[in-house]
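Engineer: Using only what follows, build the 3D model:
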Amino acid sequence: MRAKILTFKRARRLRKGVSLPEVVLWDHLRQGKLNALRFRRQHPMGAYILDFYCPSARLAVEIDGGGHSHSDQARHDFARDRWLVGKGVRMLRFAAAGVLDNEALPSVLGEIAAAAPSTVWLLRASASQSRSPSPASG
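Structural biologist: Numbering: from 1, shown residues only. Prediction:
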């Protein structure tokens, strides 16, 4: 799903000014460190920018700071999540405090890993079937 050019530019700016919880989570998600899942950070989709996105699992991970508890932001988040889910993207939201808590972080990573494997397994299975040789006709 293609995003507007302004959304791409905004995403590029956001990559330069990430928050501490995003830095911490990105360190665990980047380069396939979590179950070989490949994530993108500050990924534009439609009019929105996702904190982290795994295309193979169609999974978005959002880190919510204190501002997300305000009613206006909560309504925006709800509308955004509804639009993304309508496009087939699964959403996971975590509080920034949970990502920064060394005792809670393994649980956050476990939830992310648990949300993705069924889709990724199906993709790997279909890829391996397409590479298998066809039976010889005789």
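Engineer: Help me confirm that R93 comes into contact with A60.
Structural biologist: No - here R93 lies out of contact with A60, judged by Cβ atoms under 8 Å, at a distance of 9.1 Å. In this view, the C-beta of every residue, glycine as well, is placed from N, C-alpha and C.
Engineer: With neighbour numbers in mind, choose between these two.
Structural biologist: A60 (24 against 13; other Cβ atoms under 10 Å).
Engineer: looking at it, the more buried one is touching V85, isn't it?
Structural biologist: No - with contact defined as Cβ under 8 Å, A60 does not reach V85; the gap is 9.5 Å.
Engineer: Need the residues touching each of the two.
Structural biologist: Counting by Cβ atoms under 8 Å, 6 or more residues apart in numbering, the shared contacts of A60 and V85 are M91.
Engineer: just checking, M91 is part of a strand?
Structural biologist: Yes - under DSSP: H, G, I helix; E, B strand; the rest coil, M91 sits within a strand.
Engineer: pLDDT of the host helix or strand of E22, averaged?
Structural biologist: Here E22, judged by DSSP states H and E, is contained in helix 20-29. Per-residue pLDDT values over helix 20-29 give a mean of 93.
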